[in-house]
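Undergrad: I'd like to go over a predicted model; first the sequence, then the structure.
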Amino acid sequence: MNVREAVVVAHPNVALSKYWGKREGEGNFPAVPSLSVTLGGLTTRTRFRWRSDLAEDRVVINGRELTLEQASRIVALIDRVRRKLGLDAGAEVESHNDFPTASGLASSASGFAALALASVRAAGADWDAAQVSDLARRGSASAARSVFGGVVELDAGPTDGRVEDVLAARTVAPADHMPLVVLVAVTTDAVKAIGSTEGMRATMARSPYAEAWLEHAPVAHATLKQALLARDFVRVGELAEANALAMHACAIAAGVTYWNGGTLEALAAVRALRDAGTPAFATIDAGPHVKVLARPQDAPRVKARMEATPGVQRVVQATVGEGARVEGGMS
Ligand code: PMV
């Protein structure tokens, strides 16, 4: 029996300017550009084995084995690697998140980034980070960003793109570019009701503001990137919060609602912090949790305020972290 193995760790990321909406057709190309920070402190660890004796792939997430139907997006990515590398082996994947899975904490970003890197390295292939990022994007577009550390950008996909076109993310500033902490106010441990793919599809099909979002997002993205490169924390925070609210307003208008009561309470708490003189800003992904952007020196005060907020179960503190890597220091 021939077994080849790699263990990879990866982190989720939080988008400051959001990807919401896909290009028509196949290939999972985003319709708008996005900018994120990779979140050190929340971790996915994935062990990947290519096994010549395995007829069917096996996928275990947080100790629970998925059916092949439940694992269809994961198996699709593995099939692609098999095809590209000419492999004839089954895959065994064991992945563990130290944070809630599939509830808008971007477990698909760290999960697909870890899966992409681990599957390629387990096969002994020396694909570069851009090739791994393009592979991860096909599972979940935000995962293309988690392959990299620091501040990461993913362009919109080509307008007349083909499935095999390459689109990878890239780092635009290192992890220590601008001192920043992200306090994740977790408002539930439940699995989210609407997956991001379905949420985007419904938004684009039904929201009266879909066109406005698609026009506005690239402009907002460019402004935010500029503020970030200039290390202007307050401007970055203001623009990130506005971007998240615009995305959710567009989605809510289509009946795509990710928020719960705790989300609204947490948003109010962030505004109260600002009113009291602490620069803190909120962003929200496809789930009910509120991610608060703050300066490191304000983190204890912001954390305490968020912990005292009704509907907030707990607060997880993250910093800007590194990209996906093979455990043991190799990449
Ligand atoms: O990559 P997906 O399909 O999980 O979608 C991510 C969508 C958002 O998290 C809301 C925005 C983003 O850019 O990460």
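TA: It's in.

Undergrad: Buried ones in the host helix or strand of residue 203, by neighbour count?
TA: For residue 203, the element it lies in under DSSP states H and E is helix 196-206. Neighbour-count burial for helix 196-206 flags 196, 199, 200, 201, 203, 204 (criterion: 16 or more other Cβ atoms under 10 Å). All C-beta spots, glycine's among them, are computed from the backbone N, C-alpha and C.

Undergrad: cool, and stretch 182-191?
TA: By neighbour count on 16+ other Cβ under 10 Å, the buried set for stretch 182-191 is 182, 183, 184, 185, 186, 187, 188.

Undergrad: Can you pick out the ones from those that are in strands?
TA: 182, 183, 184, 185, 186 (DSSP state E).

Undergrad: on that earlier part again, residues in contact with the helix holding residue 203?
TA: The contact list for helix 196-206 (Cβ atoms under 8 Å, 6 or more residues apart in numbering) reads 20-22, 31, 108, 140, 194, 210, 213, 250-251, 253-256, 258, 286.

Undergrad: Now find how far off-centre it is within its chain.
TA: Mean-position distance between helix 196-206 and its chain equals 17 Å (Cα atoms, centre = their mean, to the nearest Å).

Undergrad: Now that helix: average pLDDT?
TA: Helix 196-206 shows an average pLDDT of 97 in the prediction.

Undergrad: can it be found next to the ligand?
TA: Yes. Residues of helix 196-206 contacting the ligand under Cβ under 6 Å from any ligand atom: 196, 197.

Undergrad: Give me the mean pLDDT for whichever helix or strand comes after that helix.
TA: Next in sequence after helix 196-206, counting helices and strands by DSSP H and E, comes helix 210-229. Averaged across helix 210-229, the pLDDT comes to 98.

Undergrad: For helix 210-229, buried residues please.
TA: Under the neighbour-count criterion of 16+ other Cβ under 10 Å, helix 210-229 has 210, 213, 214, 216, 217, 220, 221, 223, 224, 225, 227, 228 buried.

Undergrad: Report the spatially closest residue to residue 240, excluding sequence-adjacent ones.
TA: Spatial nearest neighbour of residue 240, excluding adjacent residues (Cβ to Cβ, 6 or more residues apart in numbering): residue 16 at 4.1 Å.

Undergrad: swap in residue 37?
TA: residue 320 (4.9 Å).

Undergrad: Look at that neighbour and say how many residues are nearby.
TA: By the criterion of other Cβ atoms under 10 Å, residue 320 has 25 neighbours.

Undergrad: swap in residue 169?
TA: Residue 169 has 29 nearby residues by other Cβ under 10 Å.

Undergrad: contacting residues around it?
TA: Taking Cβ under 8 Å, 6+ apart, one finds 133, 137, 144, 145, 147, 148, 152, 153, 154 in contact with residue 169.

Undergrad: what mean pLDDT does whichever strand or helix holds the second one have?
TA: Yep, that's residue 137 we're talking about. Assigned by DSSP H and E, residue 137 belongs to helix 129-139. For helix 129-139, mean pLDDT is 98.

Undergrad: can you tell me which residues contact the residue of the stretch 101-250 of the chain found nearest the ligand?
TA: Closest approach between the stretch 101-250 of the chain and the ligand, counting by Cβ to the nearest ligand atom: residue 142, at 3.2 Å. Contact analysis of residue 142 by Cβ under 8 Å, 6+ apart lists 13, 15, 19, 34, 36, 106, 108, 109, 154.
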